[in-house]
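**Student:** Following is a predicted model, sequence given first.
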Amino acid sequence: ETGVTQTPRHLVMGMTNKKSLKCEQHLGHNAMYWYKQSAKKPLELMFVYSLEERVENNSVPSRFSPECPNSSHLFLHLHTLQPEDSALYLCASSPSWVGGHEQFFGPGTRLTVL
Amino acid sequence: AQSVAQPEDQVNVAEGNPLTVKCTYSVSGNPYLFWYVQYPNRGLQFLLKYITGDNLVKGSYGFEAEFNKSQTSFHLKKPSALVSDSALYFCAVRDGDDYKLSFGAGTTVTVRA
């Protein structure tokens, strides 16, 4: 599969569960991102990684824990989430985290927290 | 600080008519400007960008956008809209000195047959 892939596409979890979102990019990019998309709101940047090093954590609650084991894979570990965390979580990648490069997005994981 | 505004939540046009989606921005340095489109249950797809050079930028699917520095705008246009252009459109801006890409809230475009 080409581009940016995300699994699972849909996830329903209880507030006490622990789950993980996975993202993989097949583009040879050096930067990867997690975004949260809620209805009628701009995309919220959560985390930025460049060459497996985290370069930004946008004041995200600790119940979200990212992991970037290599430049092609990005995970978002979830635990003790709240209902307001229900949203579409998008992964993206780009050749570099600076400059005029566009970002390439995966299809997203639709998360519902009960 | 950087920000982007899409003043219209919704744009409705008839097929074959011109389509315009508005975007204004604010940056402290030189802007990098982007347009993305999102179809239902899909991620964002890149349409076009302005980095430097010619103010009129051409992109995918017949879309184009004009960078206007004096009006701090980057409106998306298509001369003849198709029903398949119905989607959610996002404008985004990056201050040239910053790594963060800031998105507008999005504009829903509906093209009626």
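**Tutor:** Thanks, I have it.

**Student:** Apart from its neighbours in sequence, what residue is nearest B:I51?
**Tutor:** A:G100 (3.9 Å; C-beta to C-beta, 6 or more residues apart in numbering or on different chains). Bear in mind the C-beta positions are built from the backbone N, C-alpha and C, glycine included.

**Student:** pretty sure the one you found is in contact with B:L33, am I right?
**Tutor:** No - between A:G100 and B:L33 there is no contact under C-beta atoms under 8 Å: 9.3 Å.

**Student:** So the two - more neighbours on which side?
**Tutor:** Comparing A:G100 with B:L33 by neighbour count (other C-beta atoms under 10 Å in any protein chain shown), the higher total belongs to B:L33, at 23 against 17.

**Student:** Parallel or antiparallel, list what pairs with the strand or helix carrying the more buried one.
**Tutor:** B:L33 is located in strand B:31-38, with elements delineated by DSSP states H and E. Strand B:31-38 sits in its sheet next to strand B:44-50 (antiparallel), strand B:87-95 (antiparallel), going by DSSP bridges.

**Student:** ok, and the closest non-adjacent residue to A:T7?
**Tutor:** Counting by C-beta to C-beta, 6+ apart, A:T7 lies nearest to A:K22, which is 4.9 Å off, once chain neighbours are set aside.

**Student:** centroid residue for chain A?
**Tutor:** A:W34 (2.9 Å; C-alpha atoms, centre = their mean).

**Student:** Who are the packing partners of the helix or strand harbouring it?
**Tutor:** In this assignment (DSSP H and E), A:W34 forms part of strand A:31-37. Here strand A:31-37 is seen to pack against strand A:18-25, strand A:44-50, strand A:73-79, strand A:87-94 when contacts are counted using 3 or more C-beta pairs under 8 Å, 6 or more residues apart in numbering or on different chains; DSSP states H and E.

**Student:** make it 6 Å
**Tutor:** Packed against strand A:31-37 by the contact rule (3 or more C-beta pairs under 6 Å, 6 or more residues apart in numbering or on different chains; DSSP states H and E) you find strand A:44-50, strand A:87-94.

**Student:** tell me, which of those is the model least confident about?
**Tutor:** When mean pLDDT is averaged over each of these, strand A:44-50 scores lowest at a mean of 92.

**Student:** Touching, A:K18 and A:H79? I think so.
**Tutor:** Yes - with the criterion set as C-beta atoms under 6 Å, A:K18 and A:H79 qualify as a contacting pair; they are 4.5 Å apart.

**Student:** more crowded one of those two?
**Tutor:** In terms of neighbours (other C-beta under 10 Å), A:H79 is the more surrounded of A:K18 and A:H79; the figures are 15 against 12.

**Student:** For B:S84, which three-state class applies?
**Tutor:** Secondary structure, DSSP: H, G, I helix; E, B strand; the rest coil: B:S84 is helix.
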